[in-house]
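>>> next input, structure requested:
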Amino acid sequence: MKTPIFILLLLFVCRSQAQVASSCTVPATLRITHDRDARDMALSRMYETHSPDTAFIEVPDRQIDTIMAGLAAIYNLDTALQADSVFKRWCLHTTHGFAYSTISVKVDTNYPWALQWAAMLTTTGYTDLDNFLSIHGFYLTGYFSSSWSADLNNTATLKTTHVLNMQAFADSILLFPGVEYVEIQPNIGSGNLIWYQDSTQTYSFYLGWGDCPAGCTSSKMWKYKVDDACNVTLVSVFKSGDEVYPPLPPQPCGYPTTPPMGVYNSTPLLATINVYPVPATNELHVTNAQCEHMNYVLADMYGRSVMTGTLDSSATISIAGIAPGLYIINLLMPNGQVYRQRIIKN
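From the prediction side, this is the model:
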């Protein structure tokens, strides 16, 4: 039997090192810079553990917090167990993860709203659909129409800036009249990656280089185990391939102190907004002097619009008439930005 090529290329193996005590307290810099990575790993964990949370489009905070705690245990090691290599030296992030960002939607052009996509306009005039797409960060990137391919005819390509459970999104958008078929587009190529395996409580940091658009031909991987007490073990380190290491990123990695665009509360103006109380029973109150006359959309966790309106002078929203559950309030800013906050209705 032939030896697998990846074993032939194996240049360095590190056996499991001693367990080191750490802290699972998440520093603000880690939460900001690795938000997308944690969401991607949390989504993978949801499916690995067959969690009922797979019904949600947005990854629940409790899942993200679980992943963040483990990342923090490794991050807080500083230079121990080569933790500085994955965080400070190579600045590893997930470039091709579990979460997909592109979806194809076949539509029935007998519905007037579908003609807007044919004209390459994301906004269709179908309010519930438009809100659904906006809440989840989708925009139109292409539209295919051909008389020779009935299967592909009248198919729109949508892409999102968010990290979502795309299967739940696909199931939900199929409920809109005029949507005939949905196909999730897989990520193409390979590259740097961080992934979590719940069954072994391990975090693997993968650095890839050398023709990564077609599949990285060289790589190095660090695998850490984090137990329930936030103790960390460096399980293994290995390198494969013979290409010269890629150039290091600028030093240091540059952990920012403010969230990047696309993360909740991403600007000073948005950071001054707060919606309370949480949980709420009859009313929501919005704190910000600029909120008067601001439009809002209240959506359920499937992204379906439950309530829309405009804030009055008291900046109060009555929610007495909606069912108990988990919702997302979306405040539409005059400059086009959207403030989002999760709401619990008792």
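>>> can you give me the distance of Leu298 to Ile329?
Here Leu298 is placed at a distance of 5 Å from Ile329 (C-beta to C-beta, to the nearest Å). The C-beta positions use only the backbone N, C-alpha and C, and glycine is treated the same way.
>>> now do Thr217
Distance from Thr217 to Ile329, counting by C-beta to C-beta: 47 Å.
>>> and those two? which has more neighbours close in?
It is Ile329, of Thr217 and Ile329, that has more neighbours when counted by other C-beta atoms under 10 Å, with 23 against 16.
>>> who are the packing partners of the helix or strand harbouring the more buried one?
Here Ile329 is covered by strand 325-332, with elements defined by DSSP states H and E. Contact partners of strand 325-332 among helices and strands, from 3 or more C-beta pairs under 8 Å, 6 or more residues apart in numbering; DSSP states H and E: helix 127-135, strand 295-300, strand 338-345.
>>> and that strand with helix 127-135, angle?
Taking axes from the mean of the first three to the mean of the last three C-alpha atoms, to 10 degrees, strand 325-332 and helix 127-135 form an angle of 80 degrees between their directions.
>>> what does strand 325-332 rub up against?
Contacts with strand 325-332, where a contact means C-beta atoms under 8 Å, 6 or more residues apart in numbering, come from 58, 131, 134-135, 273, 275, 284, 286, 291, 294-301, 306, 311, 317, 338-345.
>>> what about the helices in this structure?
Counting by DSSP state H, the chain has helices at residues 5-8, 28-33, 35-48, 61-75, 83-84, 112-118, 127-135, 166-173, 268-271.
>>> excluding its backbone neighbours, what's nearest the residue nearest the centre of the chain?
Relative to the mean C-alpha position of the chain, the nearest C-alpha, by C-alpha atoms, centre = their mean, is the one of Val163, at 2.0 Å. What sits nearest to Val163 in space, not counting adjacent residues and going by C-beta to C-beta, 6 or more residues apart in numbering, is Arg39, at 3.8 Å.
>>> so where's the stretch 101-250 of the chain uncertain?
Low-confidence segments of the stretch 101-250 of the chain, defined by pLDDT under 70: 146-152, 189, 250.
>>> quick one on the thing from earlier: can I get the helices of the chain in CSV with distance to Thr141 and mean neighbour count?
What follows is the helices of the chain, written out as CSV (distance: least, C-beta to C-beta, whole Å; neighbours: other C-beta atoms under 10 Å):
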stretch, distance to Thr141, mean neighbour count
helix 5-8, 35, 9
helix 28-33, 27, 17
helix 35-48, 19, 22
helix 61-75, 27, 21
helix 83-84, 38, 20
helix 112-118, 11, 18
helix 127-135, 12, 19
helix 166-173, 15, 20
helix 268-271, 26, 14
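>>> and the protein, what are its domains?
In the domain annotation for the chain, the residue ranges read 16-97+189-240, 102-176, 268-345 (automatic domain parsing).
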